Every structure is written in C-alpha cells, then in structure tokens.
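>>> coords please:
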Amino acid sequence: MTIACNVYLRGSEVADPELAAAKTMVRRAAEVLGRLEDAVIFYGRPADGTDPSPIQPPIYTITGGSDLTGLLQAPDTLFEKEQRSILADYATAVRDQRDKRIRFGVASPLAQAEAAVNDAAAAATGMMRVSLATFKASGSPIVEAIVDAIQRLEGRGQFGPFAVVLGRDLFRDATNPSGSLVLPTDRLAEFLDGRKVLRSSVLPSDRGVVVALGGQPIELVLASDIDVRFLQVTLEPRYVLRVCERLVLRIKELDAVCSVIMAGQLWDPDFAPRKARS
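This is a model prediction of the structure:
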C-alpha cells in the first residue's frame with residue numbers, strides 16, 4: 001500500500017535560501033506518515049478500504065492494500081481459525097440477543113452466552129490473548145500479564161527477542177512504581193533482553209501487543225522508503241510536494257503475536273477475520 005501526504009508551499013517559502021518553512025512542513029508530514037504507519041501495522045486495513053484508525057490531522061491518503069490483518073487482529077484471526085466450531089453457537093446467540101436489543105438481568109441468556117464465549121476462549125488451547133483482570137490479585141498485574149504472554153508465545157514455538165507495545169493506560173501502569181519503588185518496566189527488562197517497553201498513541205488505551213521477533217515471523221516490507229517528490233504548481237500559485245512511502249505488513253505466523261487487554265472479553269463474537277499476507 002502507499003501512504004502519502006501533500007505539502008503546499010508559497011513562493012516566498014520556496015525562495016527562502018534556507019528552505020526553513022519547507023523543511024518544517026516536510027518533517028511534519030513525515031511525522032504524520034510515521035503515525036499512520038503505526039496505525040496500518042496495528043489495525044491493518046479492512047476489506048472496504050476504509051481507514052480503521054483515523055490519524056490527526058487528516059491530511060494523508062492511503063491507496064491499495066485492502067483486507068489486511070494487523071497485529072491487533074492476529075490473535076482473533078488465529079483463534080477464529082482454530083476454534084470456530086467451538087464458539088460458533090455461542091457467538092450466534094450473542095449476536096441474536098444484541099440485534100433484538102433485549103435487556104436482561106445478570107443471569108439473562110445474553111449474559112450467559114457472553115460468559116460462555118469468554119469461558120470457552122479462556123479455556124482454549126493456545127489462546128493468544130491475556131487479560132490483566134486475571135492477575136488483579138497480583139501486586140503487578142501488568143508484569144504478570146506480559147510474562148504470561150511471553151510464555152504463551154514460547155508455548156506456540158515462537159522465540160525471542162520479544163517486543164512489547166502498550167496503549168496509554170497499560171503504559172501508565174507499566175511505568176507506575178510499586179510499593180518497593182521498583183518500576184514494572186525494570187522487572188520486564190530481563191524478559192525483553194534489555195529492550196524498552198514502548199508506547200503507541202494509535203493503540204487503544206487498554207490494549208497492547210507482545211510480539212516474538214525470533215525467525216522474523218513478521219516483516220514490514222518497504223517497497224519505497226519515505227521520499228519527497230515535486231508534483232506541480234497550482235494556480236494560486238502553490239508548489240506541491242508529495243511525501244510518500246510504500247509498504248506492506250507480512251504476518252507469516254499469526255501465533256507470533258499475543259494481545260494484552262486491561263479487562264473484558266478474550267474473544268470478540270463480532271470479529272470478522274481478514275487475510276494474512278505471507
């Protein structure tokens with residue numbers, strides 16, 4: 001797919017010997033594309049080609065690369081593929097109840113169906129999603145959840161080094177010192193071979209991913225790195241530059257990604273799987 005951002009320069013900005021304004025605007029466009037690249041990596045691209053996670057400011061375009069699986073969809077795609085027969089009836093019951101907009105109490109058919117989906121997901125072998133709620137009795141749930149995610153990755157035959165990227169709330173927990181004044185990130189350093197726990201603003205605040213990098217099960221292929229090209233001069237006049245990049249995310253092994261969530265269901269019954277490029 002191609003991600004691009006146009007930059008419009010006035011004649012005075014082009015005439016500047018130092019091109020100070022032009023450099024600033026090009027850098028700004030490159031930063032927007034960098035964040036957009038993160039969104040593509042985590043969210044992929046739906047089959048209809050819509051933008052799954054709009055980035056601000058909306059001054060960019062995305063062409064090509066529809067129906068692609070992102071890192072956030074990898075666990076659901078794998079789970080849907082392996083456990084479809086187990087959860088089909090439960091998921092159908094949940095959808096039917098939601099469509100009818102029927103409200104029940106705690107022990108309602110809807111609540112029971114949703115609980116059954118979650119219980120089946122939690123019990124499924126090799127489930128690549130971990131909830132912090134499972135470790136709420138622990139002194140540091142975020143550490144326990146990430147360590148559990150690493151263990152699940154290794155149990156699926158994946159190897160380190162491992163990378164961890166968290167949303168805002170999870171990253172806040174990871175950088176909040178415990179009663180002994182030890183940061184959870186310091187405890188995780190040994191599991192990550194000294195790598196830092198990273199934060200991404202495009203991730204949902206309560207979501208994160210742990211990725212196994214051994215053997216390159218996931219690749220970001222750059223057909224063309226970020227480049228600046230002159231397009232045209234408009235009638236105003238404005239000098240139009242195009243900052244663009246061509247890339248594709250290749251997830252060769254879906255079980256190389258384990259998702260970490262704050263709480264909630266381990267499997268989304270409304271999930272629609274996408275293709276995984278290999």
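
>>> burial count for Ala29?
Counted with other CB atoms under 10 Å, the neighbours of Ala29 add up to 22. (C-beta placed from N, C-alpha, C; glycine too.)

>>> Work out for me the element it sits within.
helix 20-43 (DSSP states H and E).

>>> What of Val209?
According to DSSP H and E, Val209 maps onto strand 207-212.

>>> same check, this time on Ala223
Using DSSP H and E, Ala223 sits in strand 218-233.

>>> Sheet partners, orientation included, of that strand?
strand 239-251 (antiparallel) (DSSP bridges).

>>> now the strand it pairs with, how far from the chain's geometric center?
Put simply, strand 239-251 sits 19 Å off its chain's centre (CA atoms, centre = their mean, to the nearest Å).

>>> Quick one: name whatever helix or strand follows that strand.
strand 257-261.

>>> which strands and helices sit next to that following strand?
Applying 3 or more CB pairs under 8 Å, 6 or more residues apart in numbering; DSSP states H and E, one finds that strand 257-261 contacts helix 74-99, strand 129-131, helix 141-155, strand 207-212.

>>> worst average pLDDT in those?
Ranked by mean pLDDT, the helices and strands packed on strand 257-261 end with helix 74-99 at the bottom, a mean of 65.

>>> Can you list the low-confidence ranges for the stretch 51-200 of the chain?
For the stretch 51-200 of the chain, applying pLDDT under 70 flags the ranges 51-52, 79-126.

>>> Could you rerun that using 80?
When residues are selected by pLDDT under 80, those of the stretch 51-200 of the chain lie in 51-54, 65-67, 75-127, 137-138, 178-180.

>>> Restricting to C-alpha, output the strand holding Ala223 in PDB.
C-alpha atoms of strand 218-233 as PDB (Å, rounded to 0.1, in the frame of the first residue of the first chain):
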ATOM      1  CA  ILE A 218       6.500 -10.700  11.000                       C
ATOM      2  CA  GLU A 219       8.000  -8.400   8.400                       C
ATOM      3  CA  LEU A 220       7.400  -4.800   7.400                       C
ATOM      4  CA  VAL A 221       8.400  -4.700   3.700                       C
ATOM      5  CA  LEU A 222       9.300  -1.300   2.400                       C
ATOM      6  CA  ALA A 223       8.900  -1.100  -1.400                       C
ATOM      7  CA  SER A 224       9.900   2.600  -1.200                       C
ATOM      8  CA  ASP A 225      11.100   4.400   1.900                       C
ATOM      9  CA  ILE A 226       9.800   7.900   2.800                       C
ATOM     10  CA  ASP A 227      10.500  10.100  -0.200                       C
ATOM     11  CA  VAL A 228       9.800  13.700  -1.200                       C
ATOM     12  CA  ARG A 229       8.700  14.500  -4.800                       C
ATOM     13  CA  PHE A 230       7.700  17.600  -6.600                       C
ATOM     14  CA  LEU A 231       4.200  17.300  -8.100                       C
ATOM     15  CA  GLN A 232       3.100  20.600  -9.600                       C
ATOM     16  CA  VAL A 233       2.500  24.300  -9.300                       C
END
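
>>> Show me which parts of that strand are buried, residue by residue.
Ile218, Ile226 (16 or more other CB atoms under 10 Å).

>>> got the angle for it vs helix 20-43?
Interaxial angle, strand 218-233 versus helix 20-43 (axes from the mean of the first three to the mean of the last three CA atoms, to 10 degrees): 140 degrees.

>>> Now stretch 259-271: average pLDDT?
Mean pLDDT, computed over stretch 259-271, is 67.

>>> I appreciate the help and will end here.
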